[in-house]
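Enquirer: I'll drop the sequence and a predicted model, then ask my questions.
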Amino acid sequence: MQPVLVYDGDCAFCTRCVEWALRRLPYRPAVVAWQDADLGALGVTRAEAEHSVLWAEPSGHVSSGHLAVARLLIASGGAWALLGRLATVPPVSWISAVVYRLVAVNRGRLPGGTPACARPADQRPGSPRPG
């Protein structure tokens with residue numbers, strides 16, 4: 001079994017970021033939109049999945065936000081791994097966390113984002129399945 005990268009499939013910006021990573025990084029985790037994931041089996045809640053990208057490991061350990069991105073980079077090896085490890089060590093990790101949160105909060109305003117990205121998941125057009 002391999003780690004699972006869980007992202008917001010209703011957000012165009014998030015989807016484009018995941019597509020970018022899959023095109024460029026050598027490691028290919030399982031990838032699933034949280035709206036289609038069995039969140040309970042991954043050990044995460046809907047609230048966690050709505051809030052940040054997640055990296056769920058087979059051991060049950062879950063990383064979120066900038067640490068999820070760091071885990072993906074580390075798994076990719078080489079220079080990517082160095083960048084990922086750097087993102088987990090203070091003070092770089094503090095900066096990474098702030099940058100991640102700023103991007104997440106403003107994803108609807110970023111290139112590739114849509115106004116729907118800025119709305120809570122249950123208020124978006126075609127609102128995801130309850131659960």
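Expert: Structure's in. What do you need? Please read all numbers here as calculations on a predicted model, not as lab measurements.
Enquirer: what about the strands in the chain?
Expert: With DSSP state E as the criterion, the chain has strands at 4-7, 30-33, 54-56, 62-64.
Enquirer: Name all residues that make contact with the residue most central in space within the chain.
Expert: For the chain, the residue whose C-alpha lies nearest the mean C-alpha position (Cα atoms, centre = their mean) is Val53; its distance is 2.1 Å. Counting by Cβ atoms under 8 Å, 6 or more residues apart in numbering, Val53 touches 5-8, 14, 64-65, 68-69. C-beta: built from backbone N, CA, C; applies to glycine.
Enquirer: now do Leu54
Expert: Listed by Cβ under 8 Å, 6+ apart, the contact set of Leu54 reads 4-7, 34, 42, 44, 48, 62-64, 68.
Enquirer: go with 7 Å
Expert: 6, 44, 48, 62, 64, 68 (Cβ atoms under 7 Å, 6 or more residues apart in numbering).
Enquirer: Arg85 too?
Expert: Contacts of Arg85 by Cβ under 7 Å, 6+ apart are Ile74.
Enquirer: Mind doing that once more with 6 Å?
Expert: By Cβ atoms under 6 Å, 6 or more residues apart in numbering, Arg85 lies in contact with nothing.
Enquirer: Okay, helices next: where are they in this protein?
Expert: 12-24, 39-42, 46-51, 66-76, 78-86, 92-105 (DSSP state H).
Enquirer: Pro58 is nearest to which of these?
Expert: Relative to Pro58, the nearest member of the helices of the chain by Cβ to Cβ is helix 39-42, separated by 10.1 Å.
Enquirer: Below-threshold pLDDT in this protein: ranges please.
Expert: 112-131 (pLDDT under 70).
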